[in-house]
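Peer 1: Dropping the sequence and predicted coords here.
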Amino acid sequence: MSDDCSRAQALSLNVPCTSMYSNVNAIFTGANPNCVASTESGIWFSFQAPAGGAANVVTNADFNEVITVFSGTCSGLTQIACTNFDEFGFMTETLRLTGLTSGQTYFVRVSGVTDSFGASEGNVCVEIQTAGAPATPPPSNDNCTNAVVLGIGQACVNGTNRAATMQPPEPVPSRNARSRASVCARFTHSANGSVLIENDADFADVLTVYGGSNYSNLTEVGGNDYGRTLALTGLTAGQTYYIQISGYFATVEGNFCVRITNPPPAPANEICTQAVSLVVDDSDCTMGNNQNAHFNGALVDLMAPFESYSSSNETGVTYTRPSQGATCEMSTTTPQYDVFSFVVDVTGSYTILNAYSEYYDGYLHIYANSFDPNNPCATYLAGNDDYNGIAYSTVTVTLTASTPYYIVTSAWESYQSGTYTTTIEGPGEASTLLNDANINGMFTTCDFQADAPLWYEFVAPASGRVRIATGADFVHTVSLYSGVCGNMTQVGCAYNPSRCEDAPLFTGLEPGDTYFVQIASARTAFGYNYGDVCVRVKESAADPIRVKVKAFLEGAYSGNGAMSTTLSQYHLISEEQPYNADPWYYEGEECAETTAANAVDWVLVELRSATDNNVIVAQKAAMLTNTGAINDRGKDGMYFDVPARRLLYRSAPPQPHGGDECCARAPAQY
């Protein structure tokens with residue numbers, strides 16, 4: 001093994017790389033390379049420099065290699081160059097050498113990088129090429145002192161990060177410490193506000209923006225590890241900002257066209273009170289885009305329909321309460337209290353009833369226009385302690401339409417507390433005043449840091465069961481809430497449901513009640529994505545039934561109960577189901593983000609009534625496998641949202657790829 005300089009393998013110039021050498025279990029000798037932190041298992045090669053003094057050392061390894069070149073003799077080596085440009089070990093390494101002395105022997109050590117990405121040992125092939133074309137020079141804006149100037153609203157500017165570097169004092173993006181090959185652009189914002197950066201790149205780019213007085217004093221103000229777009233807010237007029245465009249990791253390079261625009265206005269349904277109404281089982285989905293939507297917004301005061309109010313006086317806040325009656329007489333008792341406000345829409349006599357939890361001797365007071373716990377008699381209207389025992393308090397008073405009233409619930413004694421429920425009966429409808437209500441993003445248990453919400457609403461169908469398909473093209477959450485804007489309760493949620501799978505199912509809804517849907521960007525390790533949605537709510541009246549059938553295509557059949565998977569092997573099976581055109585006109589949204597190796601083709605399966613096979617009960621496009629099984633994506637069999645009954649099934653031929661008549665009919669009880 002050539003793991004010492006004295007046993008270096010001599011290489012001839014321009015000999016194609018065919019021989020593989022192993023550094024497995026090799027010892028490491030010689031000085032540490034100055035281009036990596038740590039390395040091991042080095043093997044040695046030598047070559048004689050060509051006339052002209054330029055050569056390229058090219059390696060092709062199955063481990064993460066570092067090339068180090070030395071001049072001198074084995075007893076006195078001088079390191080002249082090293083590289084681990086592909087620091088994550090995905091591609092070949094090339095070390096360009098110039099200024100060599102023609103005919104002199106140089107030594108090459110190839111070793112494995114440790115404490116980094118990839119393996120440190122394996123096989124490598126080494127080739128010494130006489131230098132051909134000169135190395136690609138870095139772009140002119142490789143250094144941010146030469147940043148390309150961009151104008152807001154102008155056409156995109158072409159650029160490249162090929163051969164670019166990332167050199168001090170240039171900062172590394174906080175969202176991706178692996179970013180390399182960066183170039184710079186800059187812009188000056190003319191007014192306080194926001195901009196949208198769009199980068200049309202043919203590589204995995206990272207966008208990072210910095211502010212500062214000069215290139216050597218930059219502070220990161222925003223970034224997107226997914227690249228493509230970056231929305232910035234809170235910019236300062238007259239401030240120059242630097243845009244760093246980098247590859248996702250070393251060797252990720254290519255071309256791009258970057259521009260800056262004023263961002264689109266926030267979507268109207270970023271707030272709950274502007275929720276877009278959806279019709280259950282509508283044949284069309286509803287489009288939307290959450291770009292520039294805000295999860296946090298100004299708190300507002302809202303009116304919400306009042307049905308009942310349940311709470312507790314265990315608030316930790318006390319006041320000296322009045323006694324009961326139509327006039328205000330102060331007591332000396334200072335219990336904890338809870339307060340909420342309401343209005344009515346019709347002037348008249350109303351009865352307000354409090355029902356208390358067991359052993360809780362509650363107290364009820366009504367105030368008009370305002371409530372000041374330091375001077376409760378100023379707006380006192382009425383009060384009551386017991387009504388048919390300590391379990392209830394009630395007052396009957398005349399209320400004026402549109403006047404705000406405050407219900408304060410406390411206790412007979414200072415030490416007493418518990419839960420209660422308030423109801424209001426009268427000639428009109430009562431509405432609750434929700435003070436400082438949040439109508440933007442709502443907390444969801446599927447992502448504690450969601451962003452950019454879109455709101456939709458629908459009325460629950462008779463079954464109380466729905467599936468919500470988002471059609472989102474970004475990482476997201478979908479959450480369902482009951483209640484009213486500003487006072488919601490989460491019913492359920494789903495994290496980033498795939499559009500190629502059955503939409504999330506929500507059950508136990510109250511028929512006729514209005515529910516709210518929030519679709520929001522989910523936080524990932526790389527930040528947030530934003531994009532389009534196409535939302536649809538479908539009733540799922542019964543638990544899905546599983547249908548397991550087999551079918552064989554005559555043209556694809558290869559014998560022994562198997563079919564050819566040629567279409568899958570050559571990636572000819574479409575991602576989207578192909579039956580949305582003549583003669584099928586099937587409007588299903590089935591798709592396959594990836595195609596299994598055993599896939600034959602799409603088929604369209606129909607469930608028909610056993611009593612009248614002209615009646616189609618349900619349809620679904622699914623994948624036919626080489627064993628004849630027809631499956632939903634990632635499932636054993638197909639699932640249909642129809643009640644169990646006696647049905648016929650029929651499998652349509654995959655006409656887009658042939659025209660084999662593939663029909664299977666059989667009655668089955670599910």
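Peer 2: Now that the structure is in, tell me what you want to look at.

Peer 1: Correct me if wrong, but residue 269 is in a helix.
Peer 2: Yes: judged by DSSP: H, G, I helix; E, B strand; the rest coil, residue 269 forms part of a helix.

Peer 1: Quick one: residues contacting the residue nearest to residue 44 when sequence neighbours are not counted.
Peer 2: Leaving out its chain neighbours, the residue that sits closest to residue 44 by CB to CB, 6 or more residues apart in numbering is residue 8, at 3.9 Å. C-betas here are computed from N, CA, C, even on glycine. Taking CB atoms under 8 Å, 6 or more residues apart in numbering as the contact definition, residue 8 lies against 2, 44-46, 74, 107-108.

Peer 1: can you rerun that using 10 Å?
Peer 2: By CB atoms under 10 Å, 6 or more residues apart in numbering, the contact set of residue 8 is 2, 43-47, 74, 105, 107-109.

Peer 1: ok, of these, which come out buried?
Peer 2: 2, 43-47, 74, 107-109 (16 or more other CB atoms under 10 Å).

Peer 1: Save those residues as CSV, and put in distance to residue 387 and pLDDT too.
Peer 2: Formatted as CSV, the buried ones among the contacts of residue 8 follow (distance: CB to CB, whole Å; pLDDT from 0 to 100):
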residue, distance to residue 387, pLDDT
2, 99, 92
43, 94, 97
44, 98, 97
45, 98, 97
46, 103, 97
47, 102, 96
74, 103, 96
107, 100, 97
108, 96, 97
109, 93, 97
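
Peer 1: Filter those residues down to the ones in strands?
Peer 2: If you go by DSSP state E, the buried ones among the contacts of residue 8 have 43-47, 107-109 in strands.

Peer 1: I figured residue 385 hits residue 323, correct?
Peer 2: Yes: using CB atoms under 10 Å as the test, residue 385 is close enough to residue 323 to be in contact (8.0 Å).

Peer 1: what touches both of those two?
Peer 2: Joint contacts of residue 385 and residue 323 (CB under 10 Å, 6+ apart) are 363, 365.

Peer 1: Make sure residue 167 is actually in contact with residue 183.
Peer 2: No: look at residue 167 against residue 183 with CB under 10 Å: they stay out of range, at 11.9 Å.

Peer 1: Find the residues that touch each one of these two.
Peer 2: Contacts common to residue 167 and residue 183, judged by CB under 10 Å, 6+ apart, are 138, 142-144.

Peer 1: Just among those, which is most surrounded?
Peer 2: Tallying neighbours with other CB atoms under 10 Å puts residue 144 at the head of these, with 23 neighbours.

Peer 1: picking up where we left off before, could you export the shared contacts of residue 167 and residue 183 as JSON lines, including distance to residue 203, pLDDT and secondary structure?
Peer 2: Shown next, in JSON lines, are the shared contacts of residue 167 and residue 183 (distance: CB to CB, whole Å; pLDDT from 0 to 100; DSSP: H, G, I helix; E, B strand; the rest coil):
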{"residue": "138", "distance to residue 203": "16", "pLDDT": "92", "secondary structure": "coil"}
{"residue": "142", "distance to residue 203": "16", "pLDDT": "93", "secondary structure": "coil"}
{"residue": "143", "distance to residue 203": "20", "pLDDT": "89", "secondary structure": "coil"}
{"residue": "144", "distance to residue 203": "20", "pLDDT": "87", "secondary structure": "helix"}
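
Peer 1: Dump the residues you listed to TSV, plus distance to residue 262.
Peer 2: Shown next, in TSV, are the shared contacts of residue 167 and residue 183 (distance: CB to CB, whole Å):
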residue	distance to residue 262
138	32
142	29
143	29
144	24
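
Peer 1: Which two of those residues have the greatest separation?
Peer 2: Distances among these were taken as CB to CB; the most separated pair is 138 and 144, at 12.7 Å.

Peer 1: Please identify every residue contacting each of the two.
Peer 2: Residues touching both residue 138 and residue 144 (CB under 10 Å, 6+ apart) are 167, 183.

Peer 1: All the strands of the stretch 551-670 of the chain, residue numbers only.
Peer 2: Applying DSSP state E, counting those that start in this stretch to the stretch 551-670 of the chain gives strands spanning 557-559, 562-563, 599-609, 616-625, 630-631, 638-640, 646-652, 666-669.

Peer 1: What of the stretch 401-550 of the chain?
Peer 2: Going by DSSP E, counting those that start in this stretch, the stretch 401-550 of the chain shows strands at 405-411, 419-425, 430-437, 451-459, 466-469, 476-484, 487-495, 505-506, 514-521, 532-539, 545-547.

Peer 1: any chance of those strands in a markdown table, plus distance to residue 230?
Peer 2: Below are the strands of the stretch 401-550 of the chain laid out as a markdown table (distance: least, CB to CB, whole Å):
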| stretch | distance to residue 230 |
| --- | --- |
| strand 405-411 | 47 |
| strand 419-425 | 49 |
| strand 430-437 | 31 |
| strand 451-459 | 13 |
| strand 466-469 | 29 |
| strand 476-484 | 18 |
| strand 487-495 | 24 |
| strand 505-506 | 34 |
| strand 514-521 | 13 |
| strand 532-539 | 18 |
| strand 545-547 | 45 |
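
Peer 1: Of all those, which one is nearest residue 267?
Peer 2: Ranking the strands of the stretch 401-550 of the chain by proximity to residue 267 (CB to CB) places strand 451-459 first, at 6.3 Å.

Peer 1: Packing partners of that closest one?
Peer 2: Judged by 3 or more CB pairs under 10 Å, 6 or more residues apart in numbering; DSSP states H and E, strand 451-459 is in contact with strand 276-277, strand 286-289, strand 466-469, strand 476-484, strand 514-521, strand 532-539.

Peer 1: These: which one's closest to residue 637?
Peer 2: strand 466-469 (18.3 Å).

Peer 1: helices or strands up against that closest one?
Peer 2: Judged by 3+ CB pairs under 10 Å, 6+ apart, strand 466-469 is in contact with strand 451-459, strand 476-484, strand 505-506, strand 514-521, strand 532-539.

Peer 1: center of this protein - which residue?
Peer 2: By CA atoms, centre = their mean, the chain has its centre lying nearest to residue 475, at 2.5 Å.

Peer 1: For that one, which residues are in contact?
Peer 2: Going by CB under 10 Å, 6+ apart, residue 475 touches 226, 447, 495-496, 521-524, 526-531.

Peer 1: Next, work out how far apart the nearest residue to residue 268 once chain neighbours are set aside and residue 507 are.
Peer 2: Distance criterion CB to CB, 6+ apart; nearest residue to residue 268, sequence neighbours excluded, is residue 274 at 4.7 Å. Counting by CB to CB, to the nearest Å, the gap between residue 274 and residue 507 amounts to 27 Å.
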